[in-house]
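# Sequence below, structure please.
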Amino acid sequence: MARKLDAFADGFLKQAQWCTDLGSPFSGALMTQAADALRLGTDFVTTYMPWCQGATTGDVSADVVPLRFLGCAHALALGGQAPALARHYPSCGGDGVADNLWQTALEAFAAHPAFTADFVTQPPQTNEVGRAGALMAGLLELAQLTRLPVSLFEIGASAGLLQGLDSFYYRFGGASWGDEASPCRIEPQWLFEAVPPVAAPLSIIGRRACDYAPIDVLDPANALKIRAYIWADQSERLARLEAAIAIAQTVRPQVDAASADDWLADVLAGPGTPGQVRCVFHSIMWQYMPQEVRDRAYGAIAAAGERANADAPVAWLRFEPETNNEPVQLVLALWRGGPPETRLLAGAHPHATQIGWTGWDKGRVLETPELVQRFS
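Now for the predicted structure:
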């Protein structure tokens with residue numbers, strides 16, 4: 001049990017550091033308190049570990065177990081079920097004081113066991129709308145390279161909010177793209193002079209998406225869960241999310257309930273349609289899938305790529321971490337007949353609030369399109 005407590009505590013402490021480093025001191029303080037409490041000994045692991053083990057691989061960090069409980073506490077505050085939490089949560093109009101807040105969270109979990117059990121046994125729903133900034137830059141590069149309309153296939157889409165990413169307005173340093181009147185404005189800090197090809201002929205002619213446990217964002221209970229995974233002291237992220245939810249009322253994204261590997265094998269089966277490029281894309285979800293699902297998903301993409309040609313290319317655009325210690329990487333792999341071409345387009349903050357763009361021509365050439373993540 002002592003070893004299990006230490007593993008749990010280490011996982012919460014890592015999450016605390018990530019929250020703090022990514023601009024959420026409130027969340028960082030809460031996770032630090034959780035780690036300290038675990039090291040002192042608690043029935044928290046005894047109570048909640050069985051739920052986590054039933055829904056995860058058993059790796060506290062890889063399964064982001066601390067993030068699940070951080071989101072659950074936020075959901076209880078946002079939903080009005082835990083007023084003692086809400087009075088301190090900035091997203092609820094609270095004072096932002098996190099002192100001794102973990103104990104209050106534990107009391108809220110205990111008071112709402114069914115809600116807590118349901119929440120933490122579901123995969124995290126990371127609807128970070130800001131990541132559209134990196135993805136749209138990559139799609140513009142793809143349009144510039146192929147000069148073809150794009151059919152999108154998103155995996156790990158959650159609520160499908162990125163299905164409407166061409167309805168957002170973007171500012172890429174000294175360049176911009178999209179409707180300036182859009183309520184959803186994506187304006188990351190642009191670190192280099194180079195910008196995406198905003199004059200590229202990008203036309204999205206098809207949109208499909210899947211998620212293992214998709215969320216209907218038009219359902220208020222589901223919208224609450226999505227909001228809960230935004231850290232409570234990050235008002236700009238919450239505002240972008242609200243704008244994207246409003247756009248979803250019009251776009252009405254359809255997200256298939258399916259495992260990514262099976263879904264890709266189905267939607268990418270057979271030859272592509274001449275005169276368009278099929279683009280698989282995803283953002284910070286690969287690590288949440290079991291290794292065998294990753295292998296089969298990659299196999300489906302690679303198999304489609306082998307059938308591609310210059311008139312019906314296949315692309316794989318991903319915004320994913322390679323390790324814990326490096327920026328998230330935006331990578332584009334492109335099959336146009338023959339071996340795939342794979343380039344690192346950008347490095348970025350995990351929420352894409354900062355983007356270091358190099359683009360295709362100057363991007364580092366990668367030997368293989370395969371994504372192999374290594375976390376310490």
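
# May I ask you to name the longest helix in the chain?
In the chain, ranked by residue count with DSSP state H as the criterion, the top helix is helix 2-21.

# Point out the other helices and strands that it packs with.
Helix 2-21 is packed against helix 25-40, helix 44-55, helix 65-78, with contacts defined by 3 or more CB pairs under 8 Å, 6 or more residues apart in numbering; DSSP states H and E. All C-beta atoms are positioned from the backbone trio N, CA, C, and that covers glycine.

# Run the angle between the last one and helix 2-21 for me.
Spelled out, it's helix 65-78. Using axes from the mean of the first three to the mean of the last three CA atoms, to 10 degrees, one finds that helix 65-78 and helix 2-21 are set 60 degrees apart in direction.

# Contacts for the following helix or strand past helix 65-78, please.
Toward the C-terminus, helix 65-78 is succeeded by helix 83-86 as the next helix or strand (DSSP states H and E). Helix 83-86 has contacts (CB atoms under 8 Å, 6 or more residues apart in numbering) with 73, 76-78, 80, 92-94, 101, 104-105, 107-108.

# I'd like a version of the helices and strands packed on helix 2-21 in TSV, one that adds distance to residue 223 as further columns.
Shown next, in TSV, are the helices and strands packed on helix 2-21 (distance: least, CB to CB, whole Å):
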stretch	distance to residue 223
helix 25-40	20
helix 44-55	22
helix 65-78	10
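
# Out of those, which one sits most buried?
helix 65-78 (a mean of 25; mean count of other CB atoms under 10 Å).

# Just want the angle from that one to helix 25-40.
Counting by the same axes, to 10 degrees, helix 65-78 lies at 120 degrees to helix 25-40.

# Isn't residue 82 up against residue 115?
No: assessed by CB atoms under 8 Å, residue 82 is found out of contact with residue 115, at 9.9 Å.

# Who has more neighbours out of those two?
The residue with more neighbours, out of residue 82 and residue 115, is residue 82; 24 against 17, by other CB atoms under 10 Å.

# Got the confidence number for the more buried one?
Residue 82 carries a pLDDT score of 97 in this model.

# and if you look at residue 62?
pLDDT, read off for residue 62, is 54.

# Same question for residue 6.
For residue 6, pLDDT reads 75.

# ok, so what distance separates it from residue 16?
As for residue 6, its distance to residue 16 is 15 Å (criterion: CB to CB, to the nearest Å).

# More neighbours: the two, which one.
Neighbours of residue 6 and residue 16, each counted by other CB under 10 Å, are more numerous for residue 16; the result is 24 against 12.

# how close does that one get to residue 74?
Following CB to CB, the distance that separates residue 16 from residue 74 is 15 Å.

# swap in residue 22?
Taken as CB to CB, the span from residue 22 to residue 74 is 15 Å.

# How about residue 330?
For residue 330, the distance to residue 74 - CB to CB - is 28 Å.

# and if you look at residue 266?
35 Å.

# I'd like to know the average pLDDT value across stretch 246-255.
For stretch 246-255, mean pLDDT is 86.

# what does it contact?
Under CB under 8 Å, 6+ apart, the answer for stretch 246-255 is 157-161, 163-164, 167-168, 182-184, 207-211, 214-215, 217-218.

# Go again with 7 Å.
157, 160-161, 163-164, 167, 183-184, 209-211, 214, 217 (CB atoms under 7 Å, 6 or more residues apart in numbering).

# Farthest pair within those?
Greatest spacing in these, by CB to CB: 183 and 210 (26.6 Å).

# Doesn't residue 343 belong to a helix?
No: read with DSSP: H, G, I helix; E, B strand; the rest coil, residue 343 is strand and lies in no helix.

# Which stretches in this structure count as strands?
With DSSP state E applied, the chain shows strands at 150-155, 169-172, 175-177, 185-186, 189-190, 204-211, 256-257, 277-283, 314-320, 328-335, 341-348, 354-357, 364-365, listed in chain order.

# Which one of those strands lies nearest to residue 306?
Using CB to CB, the strands of the chain put strand 328-335 closest to residue 306, at 7.2 Å.

# and that closest one, which strands flank it?
Applying DSSP bridges, strand 328-335 is found paired with strand 314-320 (antiparallel), strand 341-348 (antiparallel).

# want to try CSV for those strands, with mean pLDDT as columns?
Formatted as CSV, these follow (pLDDT from 0 to 100):
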stretch, mean pLDDT
strand 314-320, 98
strand 341-348, 97
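
# Return the most buried member of the ones you listed.
Counting by mean count of other CB under 10 Å, the most buried of those turns out to be strand 314-320, with a mean of 25.

# Put the buried members of the contacts of stretch 246-255 into a PyMOL selection.
To isolate the buried ones among the contacts of stretch 246-255 in PyMOL, judged by 16 or more other CB atoms under 10 Å, type:
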select buried, resi 157+160+161+163+164+167+184+209+210+211+214+217
